[in-house]
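Visitor: Predicted model, plus sequence, below.
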Amino acid sequence: MESRSLLTDLFAAAVAAADPTTGMKRHLPAPPAEGRTVVIGAGKGAAQMAAALERLWPKPLTGVVVTRYGFGCPTQSIEVLEASHPVPDAAGLIGARRLEEVIMHLTEKDLVIALICGGGSALLPAPPEGVTLEDEIALNRALLASGAPISAMNVVRKHLSTIKGGRLAAKTRARVVSLIVSDIPGDNPAFVASGPTIPDSSTRHDAIAIVEQYMLKLPDAMLAHLRSSAADAPKPDDPIFARHEHFIVASAAKSLEAAAEVARAHGVAAQILSDSIQGEAREVALVHAAIAREVLFRDRPFAKPVVLLSGGETTVTIRGKHGRGGRNGEFALAIALAIDGFDITVLAADTDGIDGSEQNAGAFADGTTMRRLRALGLDGTKLLLENDSFSGFAALGDAFHTGPTGTNVNDFRAVLVT
């Protein structure tokens with residue numbers, strides 16, 4: 001089977017395994033005996049989760065979910081709002097308020113089902129008193145350029161919000177059951193979308209330490225808020241959460257296992273390196289390249305042919321001129337430099353179908369990428385220094401396009417050594 005076709009099939013299997021319908025079916029709560037069922041949700045796959053829940057739920061329900069522009073889908077009784085990602089906008093502010101409104105007046109007899117997936121942090125701006133939407137936009141831009149891991153970003157976000165860090169769930173007397181598609185390395189549910197319905201033990205002092213560690217330039221109003229007790233989030237042992245439950249219904253681990261099975265069905269061995277890799281995309285690429293070269297030349301630690309699979313979420317620290325692309329494009333460009341001339345083929349893509357600033361999911365790279373870039377008068381090293389991976393892969397026709405997939409378990413990387 002042709003290398004790129006195989007890698008495309010592996011990606012498709014990974015995305016299919018992340019379809020939340022199967023996992024949701026296993027973890028649906030019983031409908032309330034007397035009260036209402038209200039749905040809230042946020043993330044790049046929230047609309048698809050809502051549509052799936054409508055098909056599965058045996059009784060009437062209503063509610064609101066917020067997703068990224070262009071990621072909506074038809075639903076029957078659940079309202080779908082769209083807002084900006086990865087930088088928040090006024091539509092997200094309206095969406096966050098709507099989620100609060102639909103649960104604020106519910107009673108102990110009612111049930112809230114929260115559909116949470118990656119992207120919810122940016123889609124639900126809810127700045128505290130004294131902080132503006134413009135301040136929150138500045139925060140997100142600073143975080144995206146910082147190179148901080150997603151877990152650290154979300155510690156900061158949840159202490160600068162009126163609904164993150166469990167605060168949204170704390171606004172209702174109803175029982176809350178959260179169904180979560182995890183895009184977080186390690187699958188900590190409190191970190192997915194900054195945990196609007198899941199509290200954790202992090203503190204505002206942890207947030208301040210992260211701001212200092214990554215030298216984030218935040219608006220004065222945000223720094224003042226973090227230094228005040230108003231930034232304190234509810235803790236997991238707060239009695240208000242006593243009846244609440246949460247379940248991970250899809251994750252990177254399940255997706256990588258599905259991709260590995262497809263590879264083996266095609267007669268290619270598959271090895272999962274990790275489902276929770278973090279770090280600078282270009283540095284993670286060098287480690288993957290080193291393992292691939294070891295396989296190619298010495299048949300260790302695995303014999304070829306083999307496909308090396310990994311997931312998690314890398315980061316990109318913006319240096320100097322800001323080009324076009326995302327973390328998967330950056331990974332692909334960096335590994336292309338490291339496998340120049342070798343019989344290795346790579347696909348790096350985001351399982352939600354969008355990687356960074358453009359409309360591609362990621363990119364293909366192989367041992368011919370650098371030669372073909374040079375033939376077009378492009379310098380791969382310069383493109384990498386300028387965080388401009390998309391320009392190179394678009395020129396080659398090697399950008400990988402899928403459109404929105406309706407789910408998000410973060411990065412998918414497949415390195416095929418033949």
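Guide: Received it, and whenever you're ready, just let me know what you need. Because the structure is a prediction, the values reported are computed rather than measured.

Visitor: Now do the buried residues in stretch 26-45.
Guide: 27-28, 32, 36-45 (16 or more other CB atoms under 10 Å). C-beta coordinates here come from the backbone N, C-alpha and C atoms, glycine included.

Visitor: Tell me which of these fall in helices.
Guide: Per DSSP state H, helices hold the following members of the buried residues of stretch 26-45: residue 27.

Visitor: Now do the same for the residue nearest to residue 169 when sequence neighbours are not counted: helix, strand or coil?
Guide: Once flanking residues are discounted, residue 169 sits nearest to residue 197: 3.9 Å by CB to CB, 6 or more residues apart in numbering. Here residue 197 is recorded as coil under DSSP: H, G, I helix; E, B strand; the rest coil.

Visitor: right, and residue 197 touches residue 167 too?
Guide: No: checked against CB atoms under 8 Å, the pair residue 197 and residue 167 is beyond contact range at 9.0 Å.

Visitor: Between those two, tell me which one has more neighbours.
Guide: residue 197 (33 against 21; other CB atoms under 10 Å).

Visitor: Show the contacting residues for the more buried one.
Guide: With contact set as CB atoms under 8 Å, 6 or more residues apart in numbering, residue 197 has these partners: 114, 116, 166, 168, 169, 176, 178, 244, 246.

Visitor: again, 6 Å this time
Guide: 114, 168, 169, 176, 178 (CB atoms under 6 Å, 6 or more residues apart in numbering).

Visitor: what's the answer for residue 352, then?
Guide: Contact analysis of residue 352 by CB under 6 Å, 6+ apart lists 44, 405, 408.

Visitor: got the phi/psi numbers for the first one?
Guide: I take that to be residue 44. phi -70, psi -20 (degrees, to the nearest 10).

Visitor: For residue 411, give me phi and psi.
Guide: Torsion angles, degrees, to the nearest 10, at residue 411: phi -70, psi 150.

Visitor: contacts for the lengthiest strand in the chain?
Guide: In the chain, assigned by DSSP state E, the strand with the most residues is strand 269-280. Residues from elsewhere that reach strand 269-280 (CB under 6 Å, 6+ apart): 149, 185-186, 252-253, 256, 260, 263-264, 284, 302, 306-312.

Visitor: Show me what the helix or strand following it is packed up against.
Guide: Next in sequence after strand 269-280, counting helices and strands by DSSP states H and E, comes helix 281-298. Judged by 3 or more CB pairs under 6 Å, 6 or more residues apart in numbering; DSSP states H and E, the packing partners of helix 281-298 are helix 327-338, strand 411-417.

Visitor: Show me what secondary structure element comes after helix 281-298.
Guide: strand 306-315.

Visitor: Which neighbours in the sheet does that next one have, and how are they oriented?
Guide: strand 269-280 (parallel), strand 411-417 (antiparallel) (DSSP bridges).

Visitor: so which of the ones you listed comes closest to residue 383?
Guide: Nearest to residue 383, of all the strands paired with strand 306-315, is strand 269-280, at 16.1 Å by CB to CB.

Visitor: what residues are up against the residue sitting furthest away from the middle of the chain?
Guide: Note on the chain: the largest C-alpha distance from the chain mean falls to residue 34, namely 36.3 Å (CA atoms, centre = their mean). The neighbourhood of residue 34, defined by CB under 6 Å, 6+ apart, consists of residue 109.

Visitor: And it, how far from residue 19?
Guide: 33 Å (CB to CB, to the nearest Å).

Visitor: what does residue 356 give?
Guide: Distance, residue 356 to residue 19, using CB to CB: 24 Å.

Visitor: Show me the shaky parts of this structure.
Guide: Within the chain, the ranges that satisfy pLDDT under 70 run 1, 320-321.

Visitor: That one - how does it break down into domains?
Guide: Per the record, the chain has its domains at 19-250, 252-417, by automatic domain parsing.

Visitor: Any chance of a markdown table for those, columns distance to residue 7?
Guide: Below are the domains of the chain laid out as a markdown table (distance: least, CB to CB, whole Å):
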| stretch | distance to residue 7 |
| --- | --- |
| domain 19-250 | 20 |
| domain 252-417 | 4 |
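
Visitor: Quick one: neighbours of residue 229, just the number.
Guide: Using other CB under 10 Å, residue 229 has 6 other residues around it.

Visitor: er, residue 372 I mean
Guide: 17.

Visitor: can you check the one 4 residues further on too?
Guide: Residues near residue 376, counting by other CB under 10 Å, number 9.

Visitor: before we move on, the earlier item: what are the buried residues along the longest strand of the chain?
Guide: Under 16+ other CB under 10 Å, the buried positions of strand 269-280 are 270, 271, 272, 273, 275, 276, 277, 278, 280.
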